[in-house]
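J.: okay, predicted coordinates and the sequence, questions at the end:
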Amino acid sequence: MAFTQDLNIATSHCPHLKSIDALRELVMNAIDADTRYQPQLNASANTIKLSDQGPGLKPDSFIVGHTSGETKKAGRFGLGLKDAIAVLLRDKADIKIESSQGDYSFAVRSTSTTPSQTPTIHMTFKPPAQPGSGSVMQGTRISITWELSDGGQGKAQQLVGEVKSGGFLCWQGQTPVFTHNQVQVYKPPEASSKRKNRGTLYINSIAMKCDEPLRLSYNFLAPSQDQRNCLDRDHHITEFKLFRSQIAQAICAAGFPRTLIPKTATCEFAWLQVRTQHKLATAKSPSAAKRKSTQVTMVTKSPTTQCFSHRAAQPEPEADVPVELKAFCKSWKALEQVVSSDSTLHLQKFEKEFAAATRRMKERVEARMALIRHKQAHPDLQAQINDLMHSMKGVSSDFKSEVDSVSQFLKQNSGLSINQTFVGGSYGKATSVGSDSDVDMVLVINSAAVHLDSFAPWLERHLRFLKDVLHKSGYENVRTTRFAVKFKRNQVEFDLLPVPESLWKCKPKITDVPREKRDWLSVLCSQQQVDFVKKHKGDNTNVIRLLKHWVKKKTDWPIHSKPKSYVIELLVIYFSQSASSATDVEDLLLQFWRGVSDCSKLNVRLVEPVDIQSHDVGPLVVDPANPTNNVASSFLWEPFERYAKLYAGNLQLFVQHVMASSKW
C-alpha cells in the first residue's frame, strides 16, 4: 500500500553541503550496497542516473540514524542519504528512486494542519509490483533532474565529471600493483607526481581523508569493525594506527626496492617496521650471506673454543679487552679441563650460558670505563645535572585544585552514577612536568553489568553523553576520541575515560581477549601502570621529569614521532637497574641515551612478554600492566634515535639543550 511520510527534515539542513557532496554520498551508498559490482553513473544535459546491484532501498532507510550496520560498509551513521536528499531538493532538483523494495518520490511542503510550519521534506512510497505481474528489477536506480530554466543545462554532466575524477577508485582506470591480506596497493596518478607524498587511503574503493603522509595508495577491501568505527561523518580517519600494521605488511610482502625508502621522510617507507623488515629481507638474501661470511671467522676445533672465536675478521686490539674479562675467560678454560669428556650435553648448555654472561660482563665493564672517561673529560657536568635536578617541580596547588574541582563536578552534575574517579597518567604517577601536563581521569560508572562484547557500544554512548554535558556546562574545546572525551578548564587539559564498574572490578584476563579487542580494554590497565611506576621509579622522579621536559620543549617532532611519557618512565626504570649507583644521574642518562641510540636492539622486559607479535623486530618495551602490549610500537623511533646518538657521545650537549629551553 502506498503512503506519504513526513521526514521532518528541512531543505536548510546541512547548509555547508553542495550538490557535489550530495552526489558523492549517493555514490558511496551505491558502492556500499554491493562492493562486488561497480555502480553505473551517467549524465545527460540535465539528468543524472545512478544504479547499483544491491538488495534495494528500503523505506526504513529514510529514518534518521538508521543504518544497515554491516561490517564491511563504509557508512554507519545513517545520515548520508537523508543529507543528500535535502541538499538536492534545496538545489531545485527532482529526485526519483526506483528499487526492488519499492519506488520513492519527494516533495517539500508544510503540513495541512499547521500551514505556518517550516516546510519539510515528504516522501511518497509505492510498494513493488506483485510477483508475476512483470519483470522484477534488481538493486536501486536513482534519477536526479534539474529544469533547464533553472540553470540545469550542463549541470548534471559537470557534477558527474567531478565525482568520477576523484574520490572513487572504480573510475580511476587503475589496477593494483600488489594485493596482500585484503589490501590493494596502487601507484598514485602521474598527475600528482610533483607532490612528495601523494597517496590516498581507500575503504572499499572510497577515498578517506587522512592526515598521514603516504607515498602510495591503499584500498582496504575488508575493513575491520574498529577501522570502520574510527571514521567520522566526514570520512576522516581519526585513528590511523589501526591501518598501519596492514599497510606495513603489504609493503614488505610486495618487496618494494630499497630505492623507494628515503633517508629522511615521514611517509610509510620511513616507518621503523618497514625499514626493519627490509633489513631482515636483505640479510636473508644470498648476496648478504656472502658478505657476512667474509666478515665472520668461525673456529671449529671444538664446541668450547668456538664460543671465543665467533668474532669479526678484524678483532679488537688486545689492549682494549678489559682485564676483568681476561680473568673470566681464563677461569672458564680451567673449568673446561675438569669437565669429563662424556658430559658433552652439559658442557654445551653451560657454554651457551657462559657466552651470554661473558657478553653482559663485557658490556658492563666497557660502559663503566666509558663513564670514567666521560667524567674525566667533563668534571663540571655532574654539578650542572644536580642543579637541573634541584629545579624540577611537580604540579602546583592550583593544578591540583582544578583536578579536584572537575572530579567533584562530574560526580554531582554529570547525571551519571560515578562511584569512583581515578587519576592516571603522569599526574597519577607524580612524574608530571610542572603544570605543563594533561590529566587522564578514569570515571568508574555504576551501570548494568557490561560484558566484553557490549563494551564498545556502551563506551560510545557514554562518550556522547559526557560531551553534551560538558558542552552545556561551558567547558572549552570539548571533543571526543575513540576512547575519551577531551576538554580544557583554566589551561588544564583533561581526558575523561569512562569504564563500567563491572569491568573495573572484575578485569578479564588479557590473554583471553581477542587481539583486535584489546585496545578497548587499555583503560583497565591504568591503575596497574600507575602502581608499577610509583613502586619502581625510586629516586629517579626528577630524571623522568627532565627527559619529559626535553621532549615537550622540542617542537619539531615529525608526525607520530614524539616519544610517549610512559615509554620514557619504563626506560628510566630499566636503565636505573644497571646504573653504577642510585645517585649517579650522569651514568643513568648515559645508559639511557646509549640504549635508545640503537633502538633496534632495545629489549626492555620488566616483565616477560605474552602473545606479542613480531617482538623480535624493532624496539621492545613490554608494558608491565599488560604484557601483551609492546608500548614501543606507539610512535616512530627514528627522530628519537637520531638525538640519542648525539647525546650518547656528548651528554654535555643534552644538558646545554635542556638549560637553553624555557624555564619551568
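T.: Alright, I've got the coordinates. Model, not experiment: these values are computed from the prediction.

J.: how many residues are close by the closest residue to residue 217 other than its chain neighbours?
T.: Distances taken as C-beta to C-beta, 6 or more residues apart in numbering place residue 186 nearest to residue 217, at 4.0 Å, with adjacent residues excluded. For every residue, glycine as well, the C-beta is placed using N, CA and C. With neighbours defined by other C-beta atoms under 10 Å, the count for residue 186 comes to 19.

J.: doesn't residue 214 make contact with residue 186?
T.: No. Applying C-beta atoms under 8 Å, one finds residue 186 not in contact with residue 214, separated by 10.5 Å.

J.: please identify every residue contacting each of the two.
T.: residue 199 (C-beta atoms under 8 Å, 6 or more residues apart in numbering).

J.: picking that back up, distance check, the residue nearest to residue 217 against residue 37.
T.: Distance check for residue 186 against residue 37: by C-beta to C-beta, to the nearest Å, it reads 20 Å.

J.: again with residue 230
T.: Relative to residue 37, residue 230 is positioned 27 Å away (criterion: C-beta to C-beta).

J.: between the two, which one's more packed in?
T.: Using other C-beta under 10 Å as the criterion, residue 230 and residue 37 rank with residue 230 on top: 19 against 15.

J.: and the pLDDT at the more buried one?
T.: Note on residue 230: pLDDT of 84.

J.: ok, and the closest non-adjacent residue to it?
T.: residue 239 is the one closest to residue 230 (C-beta to C-beta, 6+ apart), at 3.8 Å.

J.: next, the contact list for the residue nearest to residue 217, please.
T.: Neighbour list for residue 186: 169, 174, 176, 177, 199, 216, 217, 218, 219 [criterion: C-beta under 8 Å, 6+ apart].

J.: residue 228 versus the fourth one, what's the distance?
T.: Applying C-beta to C-beta, one obtains 26 Å for the distance of residue 177 from residue 228.

J.: quick one on the thing from earlier: phi, psi for the residue nearest to residue 230 please.
T.: phi -130, psi 80 (degrees, to the nearest 10).

J.: who touches the closest residue to residue 634 other than its chain neighbours in this structure?
T.: Leaving out its chain neighbours, the residue that sits closest to residue 634 by C-beta to C-beta, 6+ apart is residue 564, at 5.2 Å. Contact analysis of residue 564 by C-beta under 8 Å, 6+ apart lists 631, 634, 635.

J.: hang on, the second one packs against residue 565?
T.: To tie it back to what came earlier, the one meant is residue 634. No. Applying C-beta under 8 Å, one finds residue 634 not in contact with residue 565, separated by 10.5 Å.

J.: near the closest residue to residue 47 other than its chain neighbours, how many other residues are there?
T.: With C-beta to C-beta, 6+ apart as the criterion, residue 47 has its nearest non-adjacent residue at 4.6 Å, and that residue is residue 145. Under the neighbour criterion other C-beta under 10 Å, residue 145 is assigned a count of 16.

J.: show me the beta-bridge partners of residue 480.
T.: residue 485 (DSSP bridges).

J.: got it, and residue 94?
T.: Beta-bridge pairing of residue 94 under DSSP bridges involves residue 145.

J.: show me the contacts for it.
T.: Residue 94 is in contact with 144, 145, 146, 147, counting by C-beta under 8 Å, 6+ apart.

J.: ok, now residue 526?
T.: Neighbouring residues of residue 526 by C-beta under 8 Å, 6+ apart: 422, 424, 425, 428, 440, 442, 497, 625.

J.: and if you look at residue 137?
T.: The contact partners of residue 137, by C-beta under 8 Å, 6+ apart, come to 98, 99, 100.

J.: pretty sure it is in a helix, no?
T.: No. Applying DSSP: H, G, I helix; E, B strand; the rest coil, one finds residue 137 to be coil, outside a helix.

J.: let me know the pLDDT of it.
T.: Note on residue 137: pLDDT of 73.

J.: separation between it and residue 129?
T.: Counting by C-beta to C-beta, the separation of residue 137 from residue 129 is 9 Å.

J.: more crowded one of residue 634 and residue 565?
T.: Between residue 634 and residue 565, counting by other C-beta under 10 Å, residue 565 is the more crowded of the two (22 against 15).

J.: got a list of what that one touches?
T.: Per C-beta under 8 Å, 6+ apart, neighbours of residue 565: 425, 426, 431, 548, 551.

J.: circling back: and the residue nearest to residue 230, how far from residue 433?
T.: When distance is defined by C-beta to C-beta, residue 239 is 26 Å away from residue 433.

J.: for residue 416, same thing?
T.: 31 Å.

J.: so for these two, which residue has more residues nearby?
T.: Counted by other C-beta under 10 Å, residue 416 and residue 433 do not tie: residue 433 has more neighbours, with 23 against 17.

J.: any idea which helix or strand carries that one?
T.: For residue 433, there is no host helix or strand (DSSP states H and E).

J.: surely it meets residue 552?
T.: Yes. With contact defined as C-beta under 8 Å, residue 433 reaches residue 552; the gap is 6.0 Å.

J.: any stretches of the stretch 201-350 of the chain with poor pLDDT?
T.: 256-266, 272-350 (pLDDT under 70).

J.: among the contacts of residue 565, who's most crowded?
T.: That'd be residue 431 among the contacts of residue 565, by other C-beta under 10 Å, with 27 neighbours.

J.: what's the distance between residue 423 and residue 210?
T.: On the measure of C-beta to C-beta, residue 423 and residue 210 end up 33 Å apart.

J.: can you tell me how far residue 598 is from residue 574?
T.: Residue 598 is 15 Å from residue 574, where distance means C-beta to C-beta.

J.: nope, residue 122 is what I meant
T.: From residue 122 across to residue 574, the span is 67 Å (C-beta to C-beta).

J.: cool, residue 16 as well?
T.: From residue 16 over to residue 574 the distance is 51 Å, taken as C-beta to C-beta.

J.: surely residue 105 touches residue 124?
T.: Yes. Contact between residue 105 and residue 124 holds when scored by C-beta under 8 Å: they sit 4.9 Å apart.

J.: how many neighbouring residues does residue 127 have?
T.: Residue 127: 12 surrounding residues under other C-beta under 10 Å.

J.: in contact with it, which residues?
T.: Counting by C-beta under 8 Å, 6+ apart, residue 127 touches 1, 2, 102.

J.: find me the pLDDT at it, would you?
T.: pLDDT for residue 127: 85.

J.: separation between it and residue 52?
T.: Applying C-beta to C-beta to residue 127 and residue 52 gives a distance of 20 Å.

J.: with residue 457 instead?
T.: For residue 457, the distance to residue 52 - C-beta to C-beta - is 29 Å.

J.: check what pLDDT residue 27 gets.
T.: pLDDT, residue 27: 87.

J.: make sure it is indeed in a helix.
T.: Yes. Assessed with three-state DSSP, residue 27 lies in a helix.

J.: and residue 571, what element?
T.: In the assignment (DSSP H and E), residue 571 maps to helix 565-576.
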